[in-house]
Structures are given as C-alpha cells and as structure tokens.
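Visitor: Next come a sequence and a model predicted from it.
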Amino acid sequence: MKAALLASAFLFAATPALGQSSPEDNDKRPVQAHFYELTPLKPGPDFASSLKLPRGYRASVWANGLGNSRMIAVAPDGAVYISRRSEADIIRLVDANGDGHADGAPVVNGQAVQGCTA
C-alpha cells in the first residue's frame, strides 16, 4: 500500500512537469507570414500636369520607364540614384546637357552610394 501511495504521489507531482513545453518547442511552431507584392502603377502622359502643387511650383517628367522605383537619392555631382524593388538593383541617371531630363540609358550600379541626399 505504501508503495502504491508513494508511486501515485510521485506521478501526481511529475505530471505538471511533463505538461510543460521547453523553449525549443517555440522554434517548431509554424509561422504564418503575409507578404504583399505591390503592383507598380504606370502614370499616363498627363500625370505631371494633374498634380496639385503650391503656387510657384511646377512638376515635369524627368525620367520614365524605370520600373518599380522605390527610393531616390541625389549625389553631390547631380547624379540621381534610384533603387528598384522588383529589379533588385540601383540605377544612376544624369542630366548631362542640363535640359531638365535624364540623358541616356540608366547605368545599373547594384550598390549603395555614400554622400547622397534623399
């Protein structure tokens, strides 16, 4: 009788410890993640003129057809660096002749540039 009582007391005391999980069990739980890829919008030819700007400001298209542009930075020499999300690169655009439009095809850099202002 003593042995049965001792065994049941031991089993009763050990039950909560068996029910607890270890920290490693959290690594085994499935993780639900949601990622939404944005669809780039292609503005029409009259996009710049449709913008509402404060008096004294104007907007014009400096470059187009660049894909899914994400961030823009301007280097001290006037070159414009644009990161493109879908293409996973950085392109460099310049206005060599000063006419207010990017000249030539964009040069693909694929690296960060220091000293730029965003």
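Guide: Great, that's in hand.
Visitor: can you pull out the helices in this protein?
Guide: Under the criterion DSSP state H, helices of the chain are mapped to 2-19, 47-50.
Visitor: Confidence-wise, which of those helices is weakest overall?
Guide: Lowest mean pLDDT within the helices of the chain: helix 2-19, a mean of 60.
Visitor: Contacts only, for Tyr70.
Guide: If you look again at residue 70, you'll see it is Arg, not Tyr. Counting by Cβ atoms under 8 Å, 6 or more residues apart in numbering, Arg70 makes contact with Ile82, Ser83, Arg84, Arg85. In short, each C-beta sits where N, CA and C put it, glycine included.
Visitor: From Asp103, how far out is it?
Guide: 22 Å (Cβ to Cβ, to the nearest Å).
Visitor: Next: Val31.
Guide: Using Cβ to Cβ, we find Val31 at a distance of 47 Å from Asp103.
Visitor: The two: who's more crowded?
Guide: Asp103 (12 against 5; other Cβ atoms under 10 Å).
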